[in-house]
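In: generate a structure from the sequence data that follows.
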Amino acid sequence: MKQLLFFLYFSAFSVISYSQTTKKVLFLGNSYTAVNNLPLLVQNMATSTGDILIYDSNTPGGYRFLNHVTNTTTLNKINAEQWDYVTLQAQSQETSLPQSQMESEVFPHAITLSNAIRENNECAQPLFYMTWGRENGDANNCNNLPWVCTYESMDDVIQSSYTFMADTNTAKVAPVGAVWRYIRTNYPSINLYAGDGSHPSLAGSYAAACTFYTLIYKKDPTLMPWNSTLPETAANTIKLATQTVVFNALSNWDFTGPPATASFTEVVTDGAIDFTNTSDTADTIFWDFGDGNTSTETSPVHNYTESGAYTVSLTVTKCGKANTVTKDFNIDISLSTVYFKRDFFSLSPNPATHYINMSSIKTYKTICVQLIDMTGKLVSENTWKSTNAIKLDISRVQNGIYFLNIIADGSHHSKKVIKK
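Out: Next comes the predicted model:
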């Protein structure tokens with residue numbers, strides 16, 4: 001029996017380890033984040049599913065965005081790591097202030113913080129921490145701000161403010177307040193509030209942690225086994241609420257766009273297409289030529305061996321997000337032109353400064369190399385006899401993009417080269 005339990009434990013550990021994800025998160029806010037140690041709750045959830053959370057925080061009591069933008073600790077911590085996410089939690093009442101007041105006291109500082117986060121790491125995401133309305137509304141401000149007199153109306157304004165800030169800053173929002181609303185509506189016996197009717201109880205912080213865990217790791221919270229010290233029934237109910245509001249609707253809370261947009265131009269000649277990648281700077285590039293062949297070159301030339309209709313796609317990724325563009329082509333293979341594949345020349349270096357070296361596994365009787373500029377003008381033409389290796393001098397050619405037309409024993413090939 002012990003051996004069986006060990007095997008099951010080891011198997012489970014192996015599965016968890018295989019899918020391990022590490023994230024770095026900085027939590028910025030105030031006591032709403034600090035109480036019950038929200039970052040540690042998220043870390044414990046991640047650990048329970050074999051994931052890793054590396055975190056730091058700055059959460060002085062009562063802090064507003066306007067305090068964080070000038071706080072040395074906040075700014076130093078933003079620049080201390082290559083964070084995946086930086087959570088931004090405003091003071092609990094400032095996101096329910098009059099619109100004109102938020103436009104001067106809240107929204108500009110959210111922009112400043114978001115910009116600072118991305119200046120440190122262009123792939124870091126601001127993650128706005130949507131809080132909640134007071135348990136029975138905000139009695140202190142009710143006379144002057146009637147929309148905060150009840151939980152529901154105050155919560156509506158807070159949700160709208162955080163959604164606006166996420167949208168404005170092309171960021172994400174952690175909809176903790178929306179999860180709380182779902183629990184309050186459907187499971188009112190779960191008390192999310194501390195005694196002051198404002199701060200979260202352990203159950204309230206657990207709901208917040210479930211929300212952050214789900215968004216950061218994009219995992220179903222109902223499969224996360226850690227319950228803190230909550231009764232299992234309450235913890236499972238909170239996980240289910242988070243699954244419904246967050247996991248099943250991740251795109252609703254994501255206002256980010258593709259960091260890089262895919263685009264390309266092309267020149268079609270008989271059965272060859274010379275592609276020029278005009279995408280934004282990307283981390284990875286992947287071409288699918290529609291005939292079973294692919295490439296990771298920046299701007300490849302592809303030769304088709306059969307006439308037909310082909311769909312070419314270019315996918316670029318940056319910061320873990322992909323963007324794809326497709327184009328359709330009708331290819332007509334010229335009967336008078338034969339294109340080499342395995343036996344033709346390799347070129348290096350490209351880009352080149354002084355020489356371009358070309359070599360082939362096959363020796364040709366006659367090799368003619370034409371260098372043509374982007375206007376179609378013939379820049380140079382050279383012929384070699386009985387060789388499989390060529391060294392083309394381009395030292396006197398102006399910097400720019402050129403095409404090499406290689407004619408070897410009557411067979412043709414074209415390659416784009418860059419002189420720098």
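
In: run through who's touching the strand ranked longest in the chain.
Out: Counting residues, the longest strand found in the chain (DSSP state E) is strand 355-373. Strand 355-373 is contacted by residues 342-350, 378-395, 397, 400-409, 417 when judged by C-beta atoms under 8 Å, 6 or more residues apart in numbering. In short, each C-beta sits where N, CA and C put it, glycine included.

In: restricted to strands, list those residues.
Out: Among the contacts of strand 355-373, the ones falling in strands (DSSP E) are 346-348, 378-393, 400-408, 417.

In: just the buried residues out of those residues, in PyMOL syntax.
Out: To isolate the buried ones among the ones in strands among the contacts of strand 355-373 in PyMOL, judged by 16 or more other C-beta atoms under 10 Å, type:
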select buried, resi 347+379+384+388+390+392+402+403+404+405+406+407+408+417
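
In: any idea how far residue 332 is from residue 387?
Out: 33 Å (C-beta to C-beta, to the nearest Å).

In: could you do residue 179 as well?
Out: 58 Å.

In: who has more neighbours out of the two?
Out: More crowded of residue 179 and residue 332, by other C-beta atoms under 10 Å: residue 179, with 27 against 11.

In: list the contacts of the more buried one.
Out: Taking C-beta under 8 Å, 6+ apart, one finds 207-208, 210-211, 238, 241-242, 245-246 in contact with residue 179.

In: hey, where'd the helices end up in this structure?
Out: 2-18, 31-34, 38-48, 65-68, 72-78, 99-105, 107-120, 151-168, 176-186, 202-217, 232-245 (DSSP state H).

In: what comes up buried for the third one?
Out: Same thing as helix 38-48. 38-39, 41-46.

In: ditto for the fifth one
Out: By neighbour count, with 16+ other C-beta under 10 Å as the criterion, the buried positions of helix 72-78 are 74-75, 77-78.

In: equivalent analysis for the longest one, please.
Out: Neighbour-count burial for helix 151-168, counted by 16+ other C-beta under 10 Å, picks out 151, 153-159, 161-166.

In: report the rounded mean pLDDT for that helix.
Out: Helix 151-168 shows an average pLDDT of 98 in the prediction.

In: counting by contacts, list what that helix packs against.
Out: If contacts are counted by 3 or more C-beta pairs under 8 Å, 6 or more residues apart in numbering; DSSP states H and E, helix 151-168 sits against helix 107-120, strand 125-129, strand 172-174, helix 176-186.

In: dump these to JSON lines, plus mean pLDDT.
Out: Listed next are those as JSON lines, based on pLDDT from 0 to 100:
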{"stretch": "helix 107-120", "mean pLDDT": "98"}
{"stretch": "strand 125-129", "mean pLDDT": "98"}
{"stretch": "strand 172-174", "mean pLDDT": "98"}
{"stretch": "helix 176-186", "mean pLDDT": "99"}
